[in-house]
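Student: Okay, predicted coordinates and the sequence, questions at the end:
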Amino acid sequence: MTVYTDLKPNFANPEDWTLATVLRTHAADTPDASCLLAPEEDVEFTYAEALLEAEKIAGAWDAAGAERGDRVVIMALNSSRLVLSWWATAVGGTVQVPVNTNYEGEFLRHQLDVVNARWAVIDDAFAERFVALGDKARGIEKFWLIDTGRLDDALATLRDAGFAAAPWDELRAGTPLSAPAPRAQDLGAIFFTSGTTGPSKGVAMPHSQLYFFAQSVVSLTRLTADDRYLTTTPLFHGNAQFMAVFPALVAGASAVIRPKFSASRWIDHVRDSGVTVTNFVGVMMDFAWKQAPRDNDLDNKLRCVYAAPIASTIAEEFKTRYGIETFVNAFGLTETSAPILSPYGVDIPPGAAGLQASDWFDVRLVDPETDREVEVGEVGELVVRPVSPWTCSMGYYGMPEKTVEAWRNLWFHTGDALRKDHDGWYYFVDRYKDALRRRGENISSYEVEQVVLAHPAVVECAVIGVPADVEAGEDEVLAAVVVNQQVDAAELLAFCDGRIPAFARPRFVRVVTELPKTPSEKVRKSVLRDEGITVDTFDATATPAEPASAH
């Protein structure tokens, strides 16, 4: 059985697995090498410049009274100022708490309650959200505001409400802090999960785990100092931070950040910045593919795309169209790092996530009711435990009962249904709570969604089960779709014929203006299930469909 054996740390000593050590090492060895580019801001930092900026920010916090272990909320859209603030937490030993920029009200209050932050770096546009929380935000002793065009009004809003606030640019006037790097096992960040049910949980990530996550991507993409890695995903998510920007640091490469993903301009951004590696999340790959081909699509330096997931139905054509050498994939969670990785340059079986990184993780697929291992080829819940210390999270911050629940029988239970073939490849099937069963067969909503998304008119898709035979635990399949042009529901179902098994073919199609989502853009399938079969839902067993309009 094949396993993944390519993961060899760039920094051999695990005690050096901190962003502070990585940044200082490259600043000493290659001070003038390009480190961070933000083209929309027209700024570029060398490693020496980036380190100095981070140390000045950390010094300003130190002068304000910040202590090691203090939590620093960072709520900002992608910018170099966000990145430098993040790096300052790593250099100074404070704890980064990235907050989703869509959060307000109870979502924001919950996270502040959990982490008890003393300091905050926010875009000026978000000041009123904290003021609206009143006493619930009083634990924050001072705000530093990033100027996005409304700085004076935002400062006045906070100060009038009794909060201490200053422009972010004042941090750059701090005296550089040259304190020792935090220990690898010290808490480095708290990233909140955004589960579709229940309050979000703060994943306590040590510096070592953050490094190891990044190192996994260096291995996946074969990243070197000659590369430029572009990310357009939000930096409040781990995918952008420790699976894009931090890997560039580990390799001594250049990180390129953009404010957001643009399907129509994606390849231009790749070309303009000389990008060699980039990442896709969710439907980004499909959105890029559905842009009209251009004569200069091949005019770029892109060699590798880390896609989660790889849209296997278009992957080969995508590589040919843009001249890409390879796609790579991984499967992991904020809590566990990535225990499943795909080797560079190999033919990945369609739908496969990767192979077990057996030098670093124990992995099993188990019956979720008994925790006993299932047979090869059978679907089971992925459970994980680390071989090396501090490569997984420290638990859920302030929620010990949730930590114990997740680490049942000394294995972390992911809640994800996977299967493994006889060659060792792992395949994501579904979240267990999203699993469907029809005609005695288990159905992966994810796999059905990928087929429906391949239709050129479909922009987004969520597949759910609606009850058919309650006693037998049977479902009928419903596909909720967002479309960009008029399309007939029967045509969509005909498109599925021959692409997925008959038992997995949706019976119901519902065209919606948008899918219900959490603030971090995860589809809330529970809402769709509660809504069930609506009056505008097409039933393939009933009368022919009227054309569905684009919304």
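Tutor: Okay, I see it.
Student: and the closest residue to V509 other than its chain neighbours, how far is that from Y229?
Tutor: Among residues not flanking V509 along the chain, A489 sits closest, at 4.0 Å (CB to CB, 6 or more residues apart in numbering). Every C-beta, even on glycine, is put in place using the N, C-alpha and C of the backbone. Going from A489 to Y229 by CB to CB, to the nearest Å gives 41 Å.
Student: And A189, by the same measure?
Tutor: Relative to Y229, and taking CB to CB, A189 is found at 20 Å.
Student: re the thing from before, in terms of neighbours, single out the busier of A489 and Y229.
Tutor: Y229 (28 against 24; other CB atoms under 10 Å).
Student: can I assume that one is in contact with V277?
Tutor: Yes - counting by CB atoms under 8 Å, Y229 does reach V277; the two are 4.6 Å apart.
Student: Identify the contacts common to these two.
Tutor: Common contact partners of Y229 and V277 (CB atoms under 8 Å, 6 or more residues apart in numbering): 221, 223.
Student: What's the local residue count around the nearest residue to L333 once chain neighbours are set aside?
Tutor: In space, and not counting its chain neighbours, L333 is closest to T414: 5.8 Å by CB to CB, 6+ apart. Residues within reach of T414, counting by other CB under 10 Å, total 21.
Student: mind checking the SS state of T414?
Tutor: Here T414 is recorded as strand under DSSP: H, G, I helix; E, B strand; the rest coil.
Student: Just give me how far the lengthiest helix in the chain sits from the chain centre.
Tutor: The single longest helix within the chain, with elements called by DSSP state H, is helix 47-64. On the basis of CA atoms, centre = their mean, to the nearest Å, helix 47-64 is displaced by 27 Å from the centre of the chain it belongs to.
Student: cool, stretch 177-192 as well?
Tutor: That offset, for stretch 177-192, works out to 21 Å (CA atoms, centre = their mean).
Student: Not including adjacent chain positions, what is the nearest residue to L52?
Tutor: P176 (6.3 Å).
Student: for R228, same thing?
Tutor: The nearest residue in space to R228 (CB to CB, 6+ apart) is S254, at 4.5 Å.
Student: who's in contact with the one you found?
Tutor: So S254 contacts 33-37, 227-229, 248 (CB under 8 Å, 6+ apart).
Student: Give me the buried subset of those.
Tutor: Buried members of these, scored by 16 or more other CB atoms under 10 Å, are 34-37, 227-229, 248.
Student: Pick the one among those closest to M205.
Tutor: A248 (18.6 Å; CB to CB).
Student: contact partners of the helix or strand hosting that closest one?
Tutor: Here A248, judged by DSSP states H and E, is contained in helix 246-251. By CB under 8 Å, 6+ apart, the list of residues contacting helix 246-251 from outside reads 10-11, 19, 22-23, 26, 35, 210-211, 213-215, 217-218, 221, 223-225, 227-229, 253-255.
Student: mind checking the SS state of G398?
Tutor: coil.
Student: any idea how far T414 is from it?
Tutor: 21 Å.
Student: which of the contacts of helix 246-251 are buried?
Tutor: By 16+ other CB under 10 Å, these give 10-11, 19, 22-23, 26, 35, 210-211, 213-215, 217-218, 221, 223, 227-229, 253-255 as buried.
Student: Geometric centre of this protein: which residue is closest?
Tutor: N239 (3.5 Å; CA atoms, centre = their mean).
Student: so what's that one up against?
Tutor: 231, 233, 279, 281, 308.
Student: Now do the same contact list for the third one.
Tutor: Going back to what we said before, that points to N279. Per CB under 8 Å, 6+ apart, neighbours of N279: 229-231, 233, 239-240, 243-244, 305-308.
Student: Sitting in helices, which of those residues do you find?
Tutor: 239-240.
Student: could I get the contacts of N279 as a markdown table with distance to R507 and pLDDT?
Tutor: Converted to a markdown table, those look like this (distance: CB to CB, whole Å; pLDDT from 0 to 100):
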| residue | distance to R507 | pLDDT |
| --- | --- | --- |
| Y229 | 43 | 99 |
| L230 | 41 | 99 |
| T231 | 39 | 98 |
| T233 | 34 | 94 |
| N239 | 34 | 93 |
| A240 | 38 | 96 |
| M243 | 37 | 96 |
| A244 | 40 | 98 |
| V305 | 35 | 98 |
| Y306 | 36 | 96 |
| A307 | 30 | 93 |
| A308 | 30 | 86 |
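Student: I'd like to know how many residues surround D359.
Tutor: 13.
Student: should've said I122
Tutor: Counted with other CB under 10 Å, I122 comes out at 26.
Student: Now do the phi/psi pair for the nearest residue to it once chain neighbours are set aside.
Tutor: Excluding the flanking residues, the one nearest I122 by CB to CB, 6+ apart is M75, at 4.5 Å. Main-chain dihedrals, M75, degrees, to the nearest 10: phi -130, psi 100.
Student: pretty sure M75 contacts D123?
Tutor: Yes - at 6.9 Å, M75 counts as touching D123 under the criterion of CB under 8 Å.
Student: Verify the stated contact: D286 with L453.
Tutor: Yes - counting by CB under 8 Å, L453 is a contact partner of D286 at 5.4 Å.
Student: Could I get the full set of strands for the stretch 451-551 of the chain?
Tutor: Per DSSP state E, counting those that start in this stretch, the stretch 451-551 of the chain carries strands over the ranges 458-469, 474-483, 487-488, 508-511, 538-539, 547-548.
Student: closest one to R437 among the ones you listed?
Tutor: strand 474-483 (5.8 Å).
Student: Please work out which residues outside that closest one touch it.
Tutor: 436-439, 443, 448-449, 452, 457-468, 492, 504-515, 528, 533, 537, 548, 550-551.
Student: Most widely separated two among the contacts of N239?
Tutor: T231 and A308 (12.4 Å).
Student: mind listing which of the contacts of helix 246-251 are in helices?
Tutor: 19, 22-23, 26, 210-211, 213-215, 217-218, 221.
Student: Show me the two of those residues that sit farthest apart.
Tutor: L23 and T221 (19.8 Å).
Student: circling back to that earlier point, shared neighbours of M75 and D123, which are they?
Tutor: The contact lists of M75 and D123 share T101, where a contact means CB under 8 Å, 6+ apart.
Student: Would you quantify the distance from I533 to F508?
Tutor: 6 Å.
Student: Ignore what I typed, I meant C461.
Tutor: For C461 relative to F508 (CB to CB), the value is 13 Å.
Student: Which one's more surrounded, the two?
Tutor: Between C461 and F508, counted using other CB under 10 Å, the more crowded position is C461 (26 against 22).
Student: if we can go back for a sec, look at T231 and A308 and report which has more neighbours.
Tutor: T231 (27 against 20).
Student: Setting the sequence-adjacent residues aside, check what's closest to the more buried one.
Tutor: A244 (3.7 Å).
Student: In this structure S79 contacts D147, no?
Tutor: No - in this structure, S79 is not within contact of D147 by CB under 8 Å, at 10.1 Å.
Student: Give me the more crowded residue out of those two.
Tutor: Each of S79 and D147 has its neighbours counted (other CB under 10 Å); S79 has more, 20 against 15.
Student: Look up how far N239 lies from that one.
Tutor: 17 Å.
Student: what's the answer for V283, then?
Tutor: Taking CB to CB, one finds V283 at 14 Å from N239.
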